[in-house]
Each structure stands twice: as C-alpha cells, then as structure tokens.
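Colleague: got a predicted structure here, sequence first:
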There are 8 protein chains.
Amino acid sequence: MSQAKVGIIMGSKSDLPVMKEAAEILTELKVPFELTIVSAHRTPERMHDYATTARDKGLHVIIAGAGGAAHLPGMVASMTTLPVIGVPVKSSNSIDGWDSVLSILQMPGGVPVATVALNGAKNAGILAAQIVSNSDSKVAGNLKSYKEQMRSKVEDTARDIEENGWQ
Amino acid sequence: MSQAKVGIIMGSKSDLPVMKEAAEILTELKVPFELTIVSAHRTPERMHDYATTARDKGLHVIIAGAGGAAHLPGMVASMTTLPVIGVPVKSSNSIDGWDSVLSILQMPGGVPVATVALNGAKNAGILAAQIVSNSDSKVAGNLKSYKEQMRSKVEDTARDIEENGWQ
Amino acid sequence: MSQAKVGIIMGSKSDLPVMKEAAEILTELKVPFELTIVSAHRTPERMHDYATTARDKGLHVIIAGAGGAAHLPGMVASMTTLPVIGVPVKSSNSIDGWDSVLSILQMPGGVPVATVALNGAKNAGILAAQIVSNSDSKVAGNLKSYKEQMRSKVEDTARDIEENGWQ
Amino acid sequence: MSQAKVGIIMGSKSDLPVMKEAAEILTELKVPFELTIVSAHRTPERMHDYATTARDKGLHVIIAGAGGAAHLPGMVASMTTLPVIGVPVKSSNSIDGWDSVLSILQMPGGVPVATVALNGAKNAGILAAQIVSNSDSKVAGNLKSYKEQMRSKVEDTARDIEENGWQ
Amino acid sequence: MSQAKVGIIMGSKSDLPVMKEAAEILTELKVPFELTIVSAHRTPERMHDYATTARDKGLHVIIAGAGGAAHLPGMVASMTTLPVIGVPVKSSNSIDGWDSVLSILQMPGGVPVATVALNGAKNAGILAAQIVSNSDSKVAGNLKSYKEQMRSKVEDTARDIEENGWQ
Amino acid sequence: MSQAKVGIIMGSKSDLPVMKEAAEILTELKVPFELTIVSAHRTPERMHDYATTARDKGLHVIIAGAGGAAHLPGMVASMTTLPVIGVPVKSSNSIDGWDSVLSILQMPGGVPVATVALNGAKNAGILAAQIVSNSDSKVAGNLKSYKEQMRSKVEDTARDIEENGWQ
Amino acid sequence: MSQAKVGIIMGSKSDLPVMKEAAEILTELKVPFELTIVSAHRTPERMHDYATTARDKGLHVIIAGAGGAAHLPGMVASMTTLPVIGVPVKSSNSIDGWDSVLSILQMPGGVPVATVALNGAKNAGILAAQIVSNSDSKVAGNLKSYKEQMRSKVEDTARDIEENGWQ
Amino acid sequence: MSQAKVGIIMGSKSDLPVMKEAAEILTELKVPFELTIVSAHRTPERMHDYATTARDKGLHVIIAGAGGAAHLPGMVASMTTLPVIGVPVKSSNSIDGWDSVLSILQMPGGVPVATVALNGAKNAGILAAQIVSNSDSKVAGNLKSYKEQMRSKVEDTARDIEENGWQ
C-alpha cells in the first residue's frame, strides 16, 4: 500500500482489541495507515518524536486511543498542527468510561481533539477517511459507497421484518 | 474572501454567543467560511438540503453546534460524507451540559461526529482549520504561528510571575 | 387485525429483544400496530417518509426506540404532529444508558418526545394503548382489566408470603 | 371554554412559574384544560380523588409536574388508565435536576409516565395537545400551524443572518 | 414472638433477596417484625391501608424497599407519622441504582425518609433496632453486643494477618 | 425545657444556616434538643467523647450534618448504638453535593446512618421527632397536627388557584 | 527487612485482593512496609491508636484503602501529620465506585488525603516509595530503574507490532 | 528564604486565584517553595524541562494544578520520580469539575498522581509540607501546631455556641 495518510497510536497493547476497528475500516475504505504503540505516561519522549514529525512524514490525521486519565490524544495535539482524533477506551479500572471520555473531550481553548464515542475506533477510522477524502476523490467515493451499503442493509432488514414478522 | 471551505451552522440564534468563537478564530486563521441557522427539529428539510449539498458547494468540513438533545451534528453527519464537527452548547435547561455532550458524542458505528468540549466553538474552528490545512499550506502556516503565539504568551506570563512574584 | 393504530420503529434489529415487549403488550391489550426498522442515521430519507405519512396512514401514536446518541424519536417528532413515545435502549457501548436517556428526553421547546424508562418498551406499549383508549373504549376496558390483574398478582404474592413466610 | 380535556397538576405553588408554560401553550393551541395543586406527599387522599375521577370527568390526559423525589406523576399514573405526562421540575435543593428526572422517568413495568425534559412544561402541553388531536381535528390543525410557524421563524432568522452577517 | 415492632414491606417479591437481610438481622437482634409485599404503583389502596394503620397496630418503624422510580418509602411516609426507613434496591433496569437512591432520598421538606445505602437492607434492620432500642433496653443490649462482635472479628482478622502474613 | 432528647452536631459553624432548620422544627414540635459543633477531622477526640456518652446523657437520636467528604455522621454512628441521622450539606467546593450525599449514605454493613436529602435539615428534625414519638405521645400528637397543617396549606392554595385562576 | 517506612491498612480483609498490589510493588522497590486491617467504623479506637503512634513508630507515610463511604483514609489523616495516601476500593454494593472516590478525595481544608485512582493500590505503593525516596537515595534509584523498565516494555511491544503487524 | 523544596506550577494564570492558597499555606508552614506557569498543552517542551530537572534542583515534591482535561499533573509525573500532587481546578467551561478531577485522578498503573479535592490547593500545600516533614523536623513541628490550632478554633466556636446559643 502507498504512503500512510493516517497514523493510529494507542497507549498500550491492551487497547488493540478496541483500536483495531480503526485499522479494519481504513483497510476497507482503502486509506493507507500505520499503527503502533505510543504511551503518553511511559514513553513521553517517544510521543514527542511521533507528534512533532507526523506532518513531515506525510500523515494527514492522527488517531489516538487511550483509557482512564487518557492524556495521549491531547498531548499529541499539543505538539502538532495536524487534526487529532481521540478514542476514549473503556479500560478495566475505568469509572464507567467517564474518565477517558472527559480527559479526551474537555481540551482547553487552542488545542482541539476530535473526540468520538466510547470505544468508537471504527468511527475514528471513518472520520479520518472523511478528512483524507478532501484531497482524495477515490476515498470520497469509497465513503459514499459505504454509506449506501449501510442504507441498503437497514432496508433489507426492514423488508425482512415487514414480510416475515418480528417474532 | 474566497469560496467558503467551512460551514458553521447552529440550531438557534441563541447559540450564536458560543458559536461565533468558531467564526472569529477562522477569520484569524484566514480560512473562508459561511455561517447560518439550521435547526434539526424545527427545519428538518432545510437541514437535509444543507447537508446533501455541502460537498458539492465546495465545503471541506461542517461545524454544527446545538444544545440539549442535540441532534443537528449527528443528523447532518448522516447525510454527508464530509467530516462534521459537533459543538455541545450548554443551553439554559440543560442538565449541566451532559445532554448535549452525550447526544453529540455517542454516535453509532458508521456515522462519526468529531466532538469538541462543551461550548468549545473556538476549538471547533481550529480543528476545521487543521482539516483544511491538509490541502492548503497557508492555513498550515497560520496554525503553526498560532501555536507559537500561544507558547510565547505562556512563557511571558511565566517570566512575569517569576520576576515579579505571584502575590 | 384491523388498521394499525400504533407504529413501532427502532434504529436497528439489535433493538428488537428490547422493543418486542411493546409489540407483545399491544397484542395483549388488543391494539393493532405495525413494526419495522427505521434508522435516523443510516436511512434518513426513509425516516422522513415514515414520519410525514404516519398520520395519514391512520396511526395515532409512534413508538421509537434507539440507543447511544438516540436521534430517531426526536427526529420523527420533528416531522409529525402525532405523539411520539421514545424508548431509550441500553446498547453495548452505551455509557450506562445515560446517552440514550438524555438524547431522547431533553428535547427543545416545541418538539416533545414522551420518554419512558431505560429499556421500558413494555411501558411504551401501555402508554400508546392509553393514548388510543381516548377514542376506543374497548382498549380503555382492556387497560382497566390489566391494572386489576397487576393488583391481584401483588395481593396474591403478599398473601402467600404472609401465610407461608418469607424464608 | 368548553369541557377540560387536559388536567394540569403540580406539587406546590412554587412549581407554577415552570408549569404555567403548559397552560399557556394549551391556550394558544385552543385545548381546554384545568389547573390546580395536588401534592403526593402532603395531600395523598386528594391525589387519590383526583386520579380516580379524572377519566369520568372527561379528561383525556393529565400533566403532572414535581421536583426532587417527584412521586406525583407516577402515583397518579398508578391510579388511572389515562396517559400521564410527567414534568421534572428543577427545584431549589435538587441535585442538578437528576432526582426529579429519575423519579419520574424510571417507572416500573405496567405503570408508564410520559416524561418530558427538565422544566419542559411547554412540551408537556404540546404533547397533551397531540394526544387530544387524535380525536379533535381542529387541534390537529392548530398543531400543524404551530409547527409551520416554528419553521418560518428559524428561516427568517437564518435569512437575516445570511444577509446581514452574524457580527 | 411478641407483637411486631417493625414492619418490612417491599414493592415486589423480586426485592426479597435484598430485603430479607433486614429480616435476618432483626431476628438476630431479637426485634419482633412482620414482612409483606406492598406496591405503591400496583396496589396504591393497599399501601394506603398499610400506612394509615401502622401506628395503631403497634409498629414503631417501617422499613420499605423499592427499586427504579422508588415511590413506596416516600408515599408511606406521607401517610404516617412513624419513622420510615427507605432501602434503595438496585433492580435490573435501574440506571446503576441512581434512580432508586434519588427517588427515596430527595424527599421534600415535611416528609422525611431515613435512607440507607443501595441494597443496604441489613443496615435498615439495624437502624430499626436502634430506634426500637430507645424504649427497649434488651434490644439496646443486643446492639451493643453486636457492635462488640464486629470489633472482635476485625481484630481477629488483623491479628491473623499480622502473625501469618498477607500473602 | 426538659432534658435534651436530640443532639444536633455539625462539622463547622458554616453549616449552621442549613442545620438550624433542624433546631427550628424541633422547637416547633416541642422536642428538647441540644446543638453544638463537633468536627470529625479537626476534633476527632471531641467526636469520640460526644458519641460514646450520648446514650448515657439521655439522647434518643443524634443529627449530624457535614459537607464534602462528610465523615461525621458515619464516624459518630460507629461509636454509639443510638440512631444517627445524617444531613448532607452542600458546601462551597462540593461537587454538586454528590460528595456529601455519598459519604453519608453509602455506609458499610453494620453501621447505618439514616440519611436525608441534600441540605434536608428540616426533615432530619422531623425524623428525629418521629423517633422520639415512639415513647412520647405528645410529640406523636404534635407530628399529627403538623401533617394536618401541611395538608391544609396545600388545600388552601389549591382552592385559591381554582377560584382565582393561575395567572 | 529493616524498620517499616510505609504502613498499609485497609478496612476489611475483602479489600486485600486490591490492596496487596501496594505491598507487591513496595517489595519490588525494596521499601520496608507493614500491613494490617484497621476499620474506621468497626474499630474506631484501634484506628485512633494506629494513627496517633504512626510517626513515632518511624513510618513516613500511611496507605489506607477502603470502599463505599470510605472514611478510613480521611480519619487517619485527621489524627496524624504524616502524609496519608487513600485508595478508593470498588466494593460490591458501591455505586460504580463514585462513593469511595468522593469520600476519600473531597476532604475539607486542613486535612489532605493523597488520593489515587479507583483500585489504584499499585500507584499508592509507588507514590509511597516516591515520598520515601526524598530521604533514601536507593529507593530513588529503584524508582528510576522501574520507570526505565516501563519505557522499555512499551518500546518492545511497539517494535513487535511495527515489525510483525497488528493483526 | 532557603532553597525551594516544593515547586508549584499551574497551566494558566487564571488558575492563580485557586493555586495561591498552596503558596500561602506553605509560607505559613515555613516550607520554601517556587511558583510559576507551565502549560502541558501550550508549552510541552517547557513542561518537559521543568519535570526532568526538578529532582536535581532539590525539589522534594511538585504541586501541579489544572482544569478541564487536566494533563499537567499526570504528564509531569510521567517525567520525574518525585511525588506529584495534582489539584483539579474548576474552570469556567468545566462540566462541574468532573473533567479535571477524573483527568488527574485516574492515572494508569505506574504513574501516580496524589490528587486532592476540587480546588483543594490549600490541602495540596499541607500535603507537600507533610512530605517535606519526613526529613525536616521543624516542618513536622509546624504541622503539629497547625493541627492544634484547627482543633482550638473548633472548640472555641463550639463553646461560644453552647454558651450563647445558636440563634
């Protein structure tokens, strides 16, 4: 695949079962990406390097997932001018996910993070593709098809229920 | 100013005191935009028209702000493949803003909304500029300068406190 | 059964295990209904058609269930003058159900949704029957019997415990 | 005005500033109503009388507003087969309104309350009118006009902002 | 056993696994009690009878447990001048127990409910015994012994860990 | 007045504007009480003395109010077998009162605190009187009159609104 | 091992599965500690003895864990001038852990508790070691090595994923 | 004053009205400190320099205050082995302070932050002094006196109320 447009990072390998959905949908939408582990709290220098070189490497957008007091998305956003998408991950000792949601969402003025739903890595991937689609009409086309497939599936299910009953 | 790249919409004129911060920062960052009122619940057809024509009009990203059970960002996102940024607005009868935050953030798989902080319209503007910056190097430069100004201001304040005391 | 008085819709087939309780109680109360899938985010046009034709089809009330950022009940309510009952469904990535509850309940002035408890599809069905009962005395009678049965069951259980002990 | 179709009750006169919005919109929509004070906790017998005679008096729906541990809507619903609309009122020592919202919304199976937004008495009035509209085509027409007026107002504001700017 | 001093009631038999802990501790503390089912929403008249005759029957205190929009403790308190202890029960569709806690705790001025912890039926029993102990020195003695046993058990466990290690 | 039956304590003089409502209603209900300041965190020995001598002094019940991480009611309850009523006080840096509510309510098995509503000192006073009423028929009579006055006031207001309108 | 520098206490043996992580990390970091059971509510005198003798015994810091209305850390802090670290334990009837978090965190001015994350006993141990490290350069060295090991592990995982793929 | 033992930092000058209470109590307790502005999101390099040189400069503990998605305390803790005390500041667009509390408290295993109450800068100062007191007996003495003063003040207020009444 060609040069990565999207960088997917996460604080720990334990986030991978959630975060891989971003990789899968980007694969389906044919958007080139890279994926690795970067921890804000255990590898702050590595995070610094990743964030400050991202634009020059050709990335258009970074997807960062983390749980608990989730500082990775916001800290990466503080060190780049690329759009950063944050995925709150519901980790084991999380207080129902509120901690990761609020740590990612409530960024101060000047440093936005594009936050998606709790465990919403799939949507992070689609959002990244939408951003890429502004300068890549093939991706725009793929997104359009994807939307139409979603519609069709709902309509098929609806027809099935209407014809065969809900029981 | 040239052709709008960012569309700013909000559910009601009462959202303008919050949402104008998006317009102001986009003006400062020299990103052309348009701004109007579109209500999901009171003008659903108008919302449909706005969303389905946005990409062909040349918009790269839509910023949608709303309060309470805030359906505008998510419904617009359901009708376009452009990235949609949602701004939860803390309206008068809101339950501390939780209603707008959750109605915008917790979108189902397939239809992302890039959510920013409660009343975070300024960050929505910066995020929109970051998205535009992928195909506009001038905006990328403006974002870099903006980031440096933020840094300088903090450093100046720090120096002032260190030299003149905190009392 | 005669012409449907109640329309039951839901955003996804995965809502059916919850929403079928509305269908079951309406069957028990002998209120004719129809049931299908309509997704606010994946089939917005279908939702528009459903909502705008509902009154002319003879429906008296619409029951709409959805989870997460649940926009279906409110958006349907924005396109009809029929009463709309919203059922917050606790979906898998929900933040404890708060997202669906608040997205349905906190509608802005002018566009009410009659919200019932989290996963409260049975109560949505009874509420729909109560609405229908205003112009259908048979349904009113069925509701009265249903209430009496509930009372009897509690009294029977109470008597059993009082006579046979709680151990 | 003719025979009341809607009964508006509230736990205390201090709820009137919120609850009068239900009366005002019903007046505007030309739906006859009555309004009084009934307290679940201070006048339980009065509540019993009100609830058990409501249908025979000709009421089609009851709107009940209360704050804190708000038991009025649910207790009235337990004693009538009419639809009951509950309005959570944000009272002075409320915990941000959560107490009234949850006390009204989370009714057990068998006894629904049609809950509207916190302080949403206006929407309670509109919902009551929608219920009445099933057997009163004039009210149905009034609701349709009301919806169109809402749409017009938004469009006028939008046009004003588009033509005269948002500053 | 002699005449009941404590009345234990609950909204449904499904509350018994929680509520029986009140009965068990009262048995242990040798406080005579009675136990039955009374539902605020399904048997409002039965609740009225229970509450209004409780003092004359010789009860000193009523323990009432309920889940969801839990109206039983507060409504009983509105119809008697006996102290009423409320036990919030975490039922299946509860929103994490917040609904029962707030519906019982946040009573308006004039009608108190002595609320204990979520599922805290055991503590409700002890609190009832404490109330009875004001006019029954044997129960006071039993409470004192119970407190000493609790202390001893902790001290024994502590000694065991200190001597044998925590591994 | 005769020997105090109720002890009212609070963590700080700043709690007095809330807690004095307990004193006022006890005065009205003619229940003898004493009132002082006892801080769990700043005077733990004083708290120990107060709690361990309370029953021998003739108190029947202790009302303890505190804000934030409110440990006073629970710690007093750990050192006496008297019933302890806890009043969560909404202090200045409280997180909306949730901290005081949960610190008082969620006591572990074995050590109950009878919790009333946030800032519910008046209800704490009435609850204390209800406890005292078990061995003091005059107080029982006063409580009955108080309840009847509450009912009368609501009925008077209702009559006024029904006769003179709600406008 | 030499004289204990850290005291680990908890309200109940049922807290041990969580709290032993503090003991394990202190063992790994070679910080001498002692561990026992002290209950605020069941052994208040024992708690008093423990807290008031802790500094003279040579302890530098106390780690206290408790669940629900968790009073142990704050009460110990009220009786010593040593730093006290509080570990909120998510116990069985906890309301999602909010009760323990807020009961420990929201201490009034004058009596701090150093609160760590829900179930964060491991971090409590590290924090205790950091406090000890101010007067023990070996512990400081051990903490530095521990930090480097954490970094290495993340880098190894990252390298593995980059080289072998994320699938 | 001698060499600083405590470093106080905060994300913005707007945090100073809260954070200066830490400086004031440290002054009162005679613990030398320094105070400046360091922003995690606007000056990440400055934060890195501050954190990595803190121990060598002779600091024993760092107090870091921040609001919203408060990353400063946790990020500083990731780059030093000194104890870090976090002060959640309730900023203007905060969601009731929950965002700062959770972003600071819920740190992942390996990187603790000693969190104090919302706006609890005074307690952060006392906690810092307690940490310093382990190697500075004068500070230990000052803390003991401070505790005694707190006790005396409560006792004086109590005596005043007992003698002069609470009215």
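Modeller: Perfect, thanks for sending it.

Colleague: all contacts plus neighbour counts: C-alpha atoms, from now on.
Modeller: Fine.

Colleague: residues in contact with the residue most central in space within chain A?
Modeller: The centroid of chain A falls nearest to A:Ala124 when counting by CA atoms, centre = their mean (2.8 Å). Taking CA atoms under 8 Å, 6 or more residues apart in numbering or on different chains as the contact definition, A:Ala124 lies against A:Ala22, A:Ile63, A:Ile85, A:Gly86, A:Val87, A:Val116, B:Pro112.

Colleague: taking these, tell me the two that lie furthest apart.
Modeller: With distances taken as CA to CA, the most widely separated pair in the contacts of A:Ala124 is A:Ile63 and B:Pro112, at 13.2 Å.

Colleague: didn't A:Gly11 look like it was pressed against A:Pro44?
Modeller: No - A:Gly11 sits out of contact with A:Pro44 when judged by CA atoms under 8 Å, with a separation of 10.8 Å.

Colleague: between the two, which one's more packed in?
Modeller: Set side by side, A:Gly11 and A:Pro44 give different neighbour counts by other CA atoms under 10 Å in any protein chain shown, the larger being at A:Gly11 (26 against 20).

Colleague: roughly how far apart are that one and A:Val87?
Modeller: Relative to A:Val87, A:Gly11 is positioned 11 Å away (criterion: CA to CA, to the nearest Å).

Colleague: who touches both of these two?
Modeller: Overlap between the contact sets of A:Gly11 and A:Val87, as judged by CA under 8 Å, 6+ apart, is given by A:Gly65, A:Ala66.

Colleague: closest one of the contacts of A:Ala124 to A:Val6?
Modeller: A:Ile63 (7.3 Å).

Colleague: do the helix or strand containing that closest one and chain G meet?
Modeller: Element membership for A:Ile63 (DSSP states H and E) is strand A:61-67. No - applying CA under 8 Å from any CA of the partner chain, one finds strand A:61-67 out of contact with chain G, separated by at least 12.6 Å.

Colleague: what about the closest residue to A:Leu59 other than its chain neighbours, neighbour count?
Modeller: Of all residues not flanking A:Leu59 in the chain, A:Lys5 sits nearest, at 4.4 Å (CA to CA, 6 or more residues apart in numbering or on different chains). As a burial measure, the neighbour count of A:Lys5 was computed by other CA under 10 Å and equals 21.

Colleague: output the below-cut-off pLDDT ranges for chain A.
Modeller: A:1-2 (pLDDT under 70).

Colleague: please name every helix or strand in contact with the lengthiest helix in it.
Modeller: With residue count as the measure and DSSP state H as the assignment, chain A has helix A:137-164 as its longest helix. The elements that helix A:137-164 packs onto, with contact taken as 3 or more CA pairs under 8 Å, 6 or more residues apart in numbering or on different chains; DSSP states H and E, are helix A:121-132, strand C:33-37.

Colleague: what's the spacing between that helix and its chain's center?
Modeller: Per CA atoms, centre = their mean, to the nearest Å, the displacement of helix A:137-164 from the mean C-alpha position of its chain is 22 Å.

Colleague: equivalent analysis for stretch A:11-30, please.
Modeller: 8 Å.

Colleague: with stretch A:84-100 instead?
Modeller: 13 Å.

Colleague: does chain F sit close to it?
Modeller: No - using CA under 8 Å from any CA, stretch A:84-100 stays clear of chain F, coming no nearer than 15.3 Å.

Colleague: straight-line length of that stretch, end to end?
Modeller: Per CA to CA, stretch A:84-100 runs 16 Å from first to last residue.

Colleague: buried ones in it?
Modeller: Of the residues in stretch A:84-100, those buried by neighbour count under the rule 16 or more other CA atoms under 10 Å in any protein chain shown are A:84-91, A:93-100.

Colleague: just the residues you listed now: which is nearest chain E?
Modeller: Here the nearest of the buried residues of stretch A:84-100 to chain E, counting by CA to the nearest CA, is A:Asp96; it sits at 10.4 Å.

Colleague: quick one: the closest one from chain G, how far?
Modeller: A:Asp96 sits 7 Å away from chain G when distances are taken as CA to the nearest CA, to the nearest Å.

Colleague: can you check A:Arg42 too?
Modeller: Taking CA to the nearest CA as the criterion, A:Arg42 is separated from chain G by 5 Å.

Colleague: contact partners for that residue?
Modeller: Contacts for A:Arg42 were tallied using CA under 8 Å, 6+ apart; they are G:Lys147, G:Met150, G:Arg151, G:Val154, H:Ser78, H:Val111.

Colleague: let's go with 7 Å and repeat that
Modeller: G:Met150, G:Arg151, H:Ser78 (CA atoms under 7 Å, 6 or more residues apart in numbering or on different chains).

Colleague: pull the distance from the strand holding A:Ile63 to the chain's centre.
Modeller: In terms of CA atoms, centre = their mean, the centre of strand A:61-67 is set 6 Å apart from its chain centre.

Colleague: same question for stretch A:5-17.
Modeller: Centroid displacement of stretch A:5-17 relative to its chain, using CA atoms, centre = their mean, is 9 Å.

Colleague: in that stretch, which residues are buried?
Modeller: Within stretch A:5-17, the residues that count as buried by 16+ other CA under 10 Å are A:Lys5, A:Val6, A:Gly7, A:Ile8, A:Ile9, A:Met10, A:Gly11, A:Ser12, A:Lys13, A:Asp15, A:Leu16.
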